[in-house]
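# pasting the sequence and the predicted coordinates here, then a few questions.
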Amino acid sequence: MNNQLYSNEQIMGFLHEIPDPEIPVIDIVELGVIREINASIDSIEVTITPTYSGCPAMKQMEDDIKKKLSEKGYKEVKIKTIFNPPWTTDWITEEAKEKLNKYGIAPPEHSSIDKAVLLGKERIVKCPRCASTNTKIISQFGSTACKALYQCTDCLEPFDYFKCI
């Protein structure tokens, strides 16, 4: 006997419909914030990990998850937030990284352990517009705290870089 309204695969499909509030070309599943789903017939608990401890988009994500799953028939929708293990850009899917690039945001190209930075070398960030690696950092903070502002010195366009964490 099925003791849950939908399968976890179906639930993940519903969550794929929720865009990141700050970067609408990717969804919250692709971003890697969904950690676990526990569902029964009437209730569901979704465990999430924030990208940053003070990320202002997390409240919107929680509200969107509750709304989506309530619309799908769950009477009780709980969100459980965990901080361990901490979120990392390693959890962003390759498909999402490509979407970020096409959107004009340079995706993290390295793992969360960026060896170049650890060795004191400058990070090489590819321009999402012209693919040049001749870029420079303008500010450690871009349009949101999770991004840095860069400029391409070939095409002269500014762009955000999704920081590796």
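On my side now, so go ahead.
# in stretch 78-91, what's buried?
With burial defined by 16 or more other C-beta atoms under 10 Å, the residues of stretch 78-91 counted as buried are 79, 87, 88, 89, 91. C-beta coordinates here come from the backbone N, C-alpha and C atoms, glycine included.
# try stretch 34-46
34, 37, 39, 44, 46.
# quick check: what element follows the lowest-mean-pLDDT helix or strand in the chain along the chain?
Lowest by mean pLDDT, DSSP states H and E among the helices and strands of the chain is helix 115-118, with a mean of 49. Downstream of helix 115-118, the next assigned helix or strand under DSSP states H and E is strand 135-139.
# now the helix ranked longest in the chain - C-alpha only, PDB.
Longest helix in the chain by number of residues, with DSSP state H as the criterion: helix 57-71. Extracted in PDB, the C-alpha atoms of helix 57-71 (Å, rounded to 0.1, in the frame of the first residue of the first chain):
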ATOM      1  CA  ALA A  57      16.200  34.300  -1.000                       C
ATOM      2  CA  MET A  58      15.700  31.400   1.400                       C
ATOM      3  CA  LYS A  59      12.500  32.700   2.900                       C
ATOM      4  CA  GLN A  60      11.000  33.000  -0.700                       C
ATOM      5  CA  MET A  61      12.200  29.500  -1.500                       C
ATOM      6  CA  GLU A  62      10.500  28.200   1.700                       C
ATOM      7  CA  ASP A  63       7.300  30.000   0.800                       C
ATOM      8  CA  ASP A  64       7.400  28.700  -2.800                       C
ATOM      9  CA  ILE A  65       8.000  25.100  -1.600                       C
ATOM     10  CA  LYS A  66       5.000  25.300   0.800                       C
ATOM     11  CA  LYS A  67       2.800  26.800  -1.800                       C
ATOM     12  CA  LYS A  68       3.700  24.300  -4.600                       C
ATOM     13  CA  LEU A  69       3.300  21.200  -2.300                       C
ATOM     14  CA  SER A  70       0.000  22.600  -0.800                       C
ATOM     15  CA  GLU A  71      -1.300  23.000  -4.400                       C
END
